[in-house]
Structure formats: structure tokens, C-alpha cells
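Trainee: what follows is a predicted structure for the sequence shown.
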Amino acid sequence: MSHGKKYRAAAEQIDRMNLYSPEEAIKMAKELAPAKFDETVELHMRLGIDPRHSDQQIRSTVVLPHGLGKTVRILVFAEGDGTKIAQDAGADIVADDEIIARIANEGWVDFDVALAVPEMMRKIGRLGKVLGRRGLMPNPKAGTLVQPEDIPRAIEEARAGRVEFRNDKTANIHVPIGKVSFSEEQLLGNMAAVMEAIRRARPAAAKGTFMRRVVITTTMGPGIKVEPNVALAMTVLT
């Protein structure tokens, strides 16, 4: 894959053989981001798990203390009292049968987060092929399948910057931690929250070195390797 002149210029300033501290990596990511738009800062991790085994899967959520720097459009699958609760809590869309049919038949997904109450699963189970591919299918492990009384809290967390993370088939996890326009302190705070959540989610069956590789990058920028043990030891300051 060929890269543009700005990418190559940024990559030349990174020592590929060096493992940087989180502070150094975030500072460099901000300084070297090549695009004119406000790029997303991303955290990529390779874990010491065997994703072929069900007892070594990682899937959870984390609320980033400084958010993600973007407007989140929230859809709620609810009915009865849940409809009014969702509306009063500020949901952008409360899905009715027409919207469910639109998702199923047209693949419409003009929203960033989908929440649902358990009673709606009988209606939206068929949407798995559409929503699942985009990580939007409500799921209790992701904190998106909630009781009606928990809808306001779920909406508040989604707007505040709750993100879901899960390992892929190659034992990697990819998580956004903010924007290039964020301060270094904000990005470090979000990164620490992610690392703490990953540490808590470590499967008991995982053996050996847990955090194998950590890379920080931006949407259009080169990857910057971080010392894995230092990253894993990060603590959220309160």
C-alpha cells in the first residue's frame, strides 16, 4: 500500500525499533497527524489470548472520561412506558415498526448507538445481519440491552463517550480514544481508562504475557509503538 508525502514524512520521524512511553506516543501522534481534518486517535492492542476458545473472549465497555469529541446519535428500541422514558431521556430516535422494517429491508443505520429493552428482542432479532456487522446490535455485555428504568443512564453514558471493545479473530482490540484536537492530558486520561478496563476484562484462562503489543495511531497517520507493560500499568486519576 502506497502512502502520501505527508504520511511518509511523519513516518520518518518515528523510530520503528523504539517502544515509546504513552506520553511520548500521544505527543508524537498529535504532532505528526498529517490530515487537515480533526483525525481520530486510535489505540490498537495485540493480546495474549487464544480467540478460538470461548473462555478467552474479551468484550466489554468503558466510559471515556473526556468523551470522543463527536456528536452521538442514539436510537432506542422500546415500546409502552419505555417509549416515553426514552423520549424524555433525549433519545434521537425511538424505533417503531416502520423504522425496524426500514433497517431490515433497506439496511438503514443512520445512528451511532442502538439501545433496546429486553421485550423488543423478539422484534429486532431479525436485524442481526444488519446491525451485527456494524457493532450496533443491542447486547447485555455491551451495556446496550437495558431495562426501561436504565434507559436514561445508558443514554447519558453513550453521550459521555462510552465505547465497546472486543477482540477480533486475531486477538487484536481496536479502540478510539479521542481526537487530535484533544489535549495530551485528555488523551492520556482516555487511554488510561481503556487500559484499566482491558486489565479488568482479562480472562482467567489467558496464560503468559497478556499485553503483547500496543500501537497508537491517528486516522491517517503512522503507527507509534508503545511499551506494553507501561501502557497496561496506566492508572485513571480521579
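Mentor: Now that the structure is in, tell me what you want to look at. On a predicted model such as this, the values are computed, not experimentally measured, just so you know. Numbers count the residues shown, from 1 in each chain.

Trainee: so where's this protein shaky on pLDDT?
Mentor: 1-2, 237-238 (pLDDT under 70).

Trainee: where along the chain do the helices fall?
Mentor: Residue ranges of the helices in the chain, as given by DSSP state H, are 5-11, 22-32, 81-88, 97-106, 121-124, 128-133, 151-160, 184-200, 228-232.

Trainee: would you turn those into TSV with distance to residue 169 and mean neighbour count?
Mentor: The way it works is simple: take the backbone N, C-alpha and C, and place the C-beta from them, glycine included. Below are the helices of the chain laid out as TSV (distance: least, CB to CB, whole Å; neighbours: other CB atoms under 10 Å):
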stretch	distance to residue 169	mean neighbour count
helix 5-11	27	15
helix 22-32	26	20
helix 81-88	34	17
helix 97-106	26	13
helix 121-124	26	14
helix 128-133	15	13
helix 151-160	27	18
helix 184-200	18	20
helix 228-232	21	18
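
Trainee: now those as CSV including distance to residue 206?
Mentor: Listed next are the helices of the chain as CSV, based on distance: least, CB to CB, whole Å:
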stretch, distance to residue 206
helix 5-11, 32
helix 22-32, 22
helix 81-88, 38
helix 97-106, 36
helix 121-124, 31
helix 128-133, 25
helix 151-160, 27
helix 184-200, 11
helix 228-232, 13
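
Trainee: between these, which one is nearest to residue 59?
Mentor: helix 184-200 (11.1 Å; CB to CB).

Trainee: correct me if wrong: residue 75 contacts residue 115.
Mentor: Yes: under the criterion of CB atoms under 8 Å, residue 75 makes contact with residue 115 at 7.3 Å.

Trainee: ok, the residue of the chain most remote from its centre - contacts?
Mentor: The C-alpha centroid of the chain is most remote from residue 80, which lies 30.6 Å away (CA atoms, centre = their mean). Residue 80 makes contact with residue 119, according to CB atoms under 8 Å, 6 or more residues apart in numbering.

Trainee: please apply the same query to residue 213.
Mentor: Contact analysis of residue 213 by CB under 8 Å, 6+ apart lists 44, 45, 46, 225, 228.
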